[in-house]
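Asker: When you get a sec, could you give me coordinates for this:
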Amino acid sequence: MSQKFVQIIEFETQKIDELRKLLERFEQKMQGKSGGPTHRILLQDRDKSGRYLAIIEFESHEAAMRNNDRPEVAKLNEQLTALCTRGPSFTNCDLKDSRELK
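Answerer: Purely as a prediction, here's the structure:
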């Protein structure tokens, strides 16, 4: 059984509405295709204006790497980076535990 994989992407932007619309269009376009992300959370830093964290979950590290190789993902990354005031930094994690507490 493969282990779930999570990528945490930290970035800064003053154009979050544009960025969110771009993500929504991309997710609609990719809907139904296998191997993509299974879950996405977007967090806004309350203490530092314009700083965000995106948490993207995949079925496995291998699935995430295959997804990254898609040309449409490379194009999305270029478009997202263009909307950032500080480009993204990535943290790759193996998911060890996840629980709903309520």
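
Asker: In three-state terms, label residue 47 for me.
Answerer: coil (DSSP: H, G, I helix; E, B strand; the rest coil).

Asker: Pull the contacting residues for it.
Answerer: Contacts for residue 47 (CB atoms under 8 Å, 6 or more residues apart in numbering) come out as none. Where you see a C-beta, it was placed from the backbone N, CA and C, and this is true even at glycine.

Asker: what's near enough to touch the spatially most central residue of the chain?
Answerer: Closest to where the C-alpha atoms of the chain average out (CA atoms, centre = their mean) is residue 56, at 4.3 Å. Contact analysis of residue 56 by CB under 8 Å, 6+ apart lists 6, 7, 8, 9, 37, 39, 40, 64.

Asker: tally of neighbours for the fourth one?
Answerer: If you count neighbours by other CB atoms under 10 Å, residue 9 ends up with 17.

Asker: and if you look at the second one?
Answerer: As a burial measure, residue 7 scores 18 neighbours (other CB under 10 Å).

Asker: who does it bridge with?
Answerer: Listed beta-bridge partners, residue 7: residue 56, residue 92 (assigned using DSSP bridges).

Asker: quick one: contacts for it?
Answerer: Counted by CB under 8 Å, 6+ apart, residue 7 has contacts 55, 56, 58, 64, 90, 91, 92, 93.

Asker: What residues of the longest helix along the chain count as buried?
Answerer: The residue-count maximum for a helix in the chain (DSSP state H) belongs to helix 16-30. Neighbour counts over helix 16-30 (16 or more other CB atoms under 10 Å) mark 19, 22, 23, 26, 30 as buried.

Asker: shouldn't the last one be in contact with residue 24?
Answerer: No - checked against CB atoms under 8 Å, the pair residue 30 and residue 24 is beyond contact range at 11.0 Å.

Asker: Output the buried residues of helix 16-30 as a markdown table; include the columns distance to residue 97 and pLDDT.
Answerer: Below are those laid out as a markdown table (distance: CB to CB, whole Å; pLDDT from 0 to 100):
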| residue | distance to residue 97 | pLDDT |
| --- | --- | --- |
| 19 | 30 | 93 |
| 22 | 32 | 92 |
| 23 | 27 | 90 |
| 26 | 29 | 88 |
| 30 | 28 | 82 |
